[in-house]
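> Just need the structure, nothing else, for what follows:
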Amino acid sequence: MALDTHHCPGGVMFLFRGEFGCLMYTGDFQWEVDSKRAKDARSRLLNVLKNETVDVLYLDNTYCNPSYDFPTREVAAQQVVDIIASHLEHDIVIGIDTLGKEELLIHISRVLNIKIWLWLERLQTMHLLGFHDTFTTKNSLTRVRAVPCYSLSVETLEGLNTMRPTIGIMPSGLPWVLKHVKGDDNLFGSLLTSRYKKKQPSDKLDGNLAYAERYHQYMFSVPYSDHLCFAESNQLT
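Predicted coordinates for the structure are as follows:
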């Protein structure tokens, strides 16, 4: 049996039965409590399982720590919109992967009534998914660009700001802080690794991960996650 993971287009989790018992493999997934898609998937799963026990569970543990307590993607998407709307004189650069964050980009486009620039390969993927009028490869048609997340850095933003006021937005469940790692000016550390350095893994991170934060003059981090947070993993279990 395959169930929608609510993670990215085409993502499914599998339920297997056999001599090994009942096995559930989630892969990457996101089950927000109030999401209709998640409710439908949960209902299907419970109808199939009835009173049967899952013997083996392979769970998405990307954010399996109590420190990770995200807002819903709807709330996080609005945070991104608010950042863009409050920087009307700026170009906006959003870091995304080769798949995922489609709902975020569509939300930005619809609420702000703007097109979003994408690189050609990503645009072709969007066209395959049925989104034909929202995106463009022409810089002149928009001030909002979505770029591969690996190419979004403080150094890049500093260069862009020599030409036009520009801010970057990194929508991710992983809290980023772009600062030099102590002892090596060429390395940058995340908030997670830098704040966990002298703590046990179960310790709470400082700060509130439920809100967008400005970690650099030109860089915002928004806790928009395509993976479930700790509370949701407990709910599924």
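> got the contact list for Gln30?
5-7, 38, 73, 225-228, 232 (CB atoms under 8 Å, 6 or more residues apart in numbering). C-beta: built from backbone N, CA, C; applies to glycine.
> Now intersect those with the helices, please.
Judged by DSSP state H, helices contain the following of the contacts of Gln30: 38, 73, 232.
> returning to that earlier point: between the contacts of Gln30, identify the one with the most neighbours.
In terms of neighbour count, Leu228 stands highest of the contacts of Gln30 at 30 neighbours, by other CB atoms under 10 Å.
> Please verify my assumption that that one contacts Trp31.
Yes - look at Leu228 against Trp31 with CB atoms under 8 Å: they come within range, at 5.7 Å.
> so what sits against both of these two?
Contacts common to Leu228 and Trp31, judged by CB under 8 Å, 6+ apart, are Leu236.
> so what are the domain limits for the chain?
By the record's domain assignment, the chain is partitioned as 2-60, 73-225 (automatic domain parsing).
> three-state assignment of Cys22?
strand (DSSP: H, G, I helix; E, B strand; the rest coil).
> Beta-bridge partners for Val93, please?
Arg145, Gly168 (DSSP bridges).
> tell me the secondary structure for Met163?
Classified using three-state DSSP, Met163 is coil.
> Kindly provide the distance from it to Thr136.
Note on Met163: its distance to Thr136, by CB to CB, to the nearest Å, is 20 Å.
> Fine by me, thanks again.
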